[in-house]
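Enquirer: here is a sequence with its predicted model. Questions after.
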Amino acid sequence: MITVRYFAGAREAAGVTTEQLAGPTSVAALRTALAAAHPALGAVLPKCALLVAGARAASESTPIPDEVTVDVLPPFAGG
């Protein structure tokens, strides 16, 4: 089971702040599962960075081990 936390526009598109998922073992598989579960997230997700256990996922093949937290971060404006 992994915990997914959504921030800003990703949270609005998903309609939840956090959720638990079983199964996705890579960033690519997680993106596919999230887009299927939350259709409105499909437009936002390609622009989002994913932090796996606090580290930015380097590629779509980055593994997602069981029992970690993945943060879904859309681009932020300002600075």
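Expert: Sure, I can see it.
Enquirer: CA atoms for contacts and neighbours, from now on please.
Expert: OK.
Enquirer: any idea of the pLDDT on residue 24?
Expert: If you check residue 24, the pLDDT there is 80.
Enquirer: cool, residue 78 as well?
Expert: Looking at residue 78, the pLDDT reads 54.
Enquirer: centroid-nearest residue for the protein?
Expert: residue 72 (3.9 Å; C-alpha atoms, centre = their mean).
Enquirer: before we move on, which element is it in?
Expert: Using DSSP states H and E, residue 72 maps to strand 69-73.
Enquirer: give me the mean pLDDT for that strand.
Expert: Average pLDDT, strand 69-73: 97.
Enquirer: now for it, which elements pack on it?
Expert: With contacts taken as 3 or more C-alpha pairs under 8 Å, 6 or more residues apart in numbering; DSSP states H and E, strand 69-73 sits against strand 2-6, helix 8-14, strand 49-52.
Enquirer: want to throw these into a markdown table with mean neighbour count, distance to residue 68 and mean pLDDT?
Expert: Formatted as a markdown table, the helices and strands packed on strand 69-73 follow (neighbours: other C-alpha atoms under 10 Å; distance: least, C-alpha to C-alpha, whole Å; pLDDT from 0 to 100):
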| stretch | mean neighbour count | distance to residue 68 | mean pLDDT |
| --- | --- | --- | --- |
| strand 2-6 | 19 | 5 | 97 |
| helix 8-14 | 18 | 19 | 94 |
| strand 49-52 | 20 | 7 | 96 |
